[in-house]
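In: Below are the sequence and a predicted model for it; my questions follow.
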Amino acid sequence: MHTQEHREQTIDRLNRLLRGELSAVETYQQALAKVSNEPAGEELRRIMAYHETASAKLRSEIVQLGGEPSVSSGIWGSWAQLVEGTAKLFGPETALAALKQGESHGVAEYERGLEDEYVTAEHKTLIRSELLPQTQTHIQTLDRFISA
């Protein structure tokens, strides 16, 4: 780490990614309330578990830097509420489309992280090798269920 300010900026950026992962977990929980018995239910539970694992990894990185990990999704939590309301009104297909939109937002956040000067090379490797490819895979999985 270069300076205290640089470390704080890094923690801030990682917390932004963590909030996105926490929001993903909340969103999948809401969608599963509607589609848990659908053919996609088991796969959606697996994706949600991945987001829980990604949250734990980001939390650990923040703690290692001496930071305080976010405990709530903050503004992104409203996304979970939107998905819940949408699923109740329109059904499983709309819930899957909303999950896909959330995953697409996650891809964009990770891509921004790769461009961010305050995200360390080590954390960019984590994003590039694990977090971003997995999120892209989630989109492909959701596309499969949406088109089925």
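Out: Yep, that arrived. Numbering: from 1, shown residues only.

In: Quickly find the element holding the residue lying closest to Y50 once chain neighbours are set aside.
Out: Nearest residue to Y50, sequence neighbours excluded (Cβ to Cβ, 6 or more residues apart in numbering): Q134, at 6.0 Å. From N, CA and C alone the C-beta is placed, and that goes for glycine too. Using DSSP states H and E, Q134 maps to helix 132-147.

In: Next, name the residue at the spatial heart of the chain.
Out: E21 (3.0 Å; Cα atoms, centre = their mean).

In: Who are the packing partners of the host helix or strand of that residue?
Out: Assessed by DSSP H and E, E21 sits inside helix 4-35. Packed against helix 4-35, as judged by 3 or more Cβ pairs under 8 Å, 6 or more residues apart in numbering; DSSP states H and E, are the following elements: helix 41-64, helix 77-90, helix 92-115.

In: Just name the shakiest helix or strand of the chain by mean pLDDT.
Out: In the chain, no helix or strand scores lower on mean pLDDT, DSSP states H and E than helix 77-90, which sits at a mean of 58.
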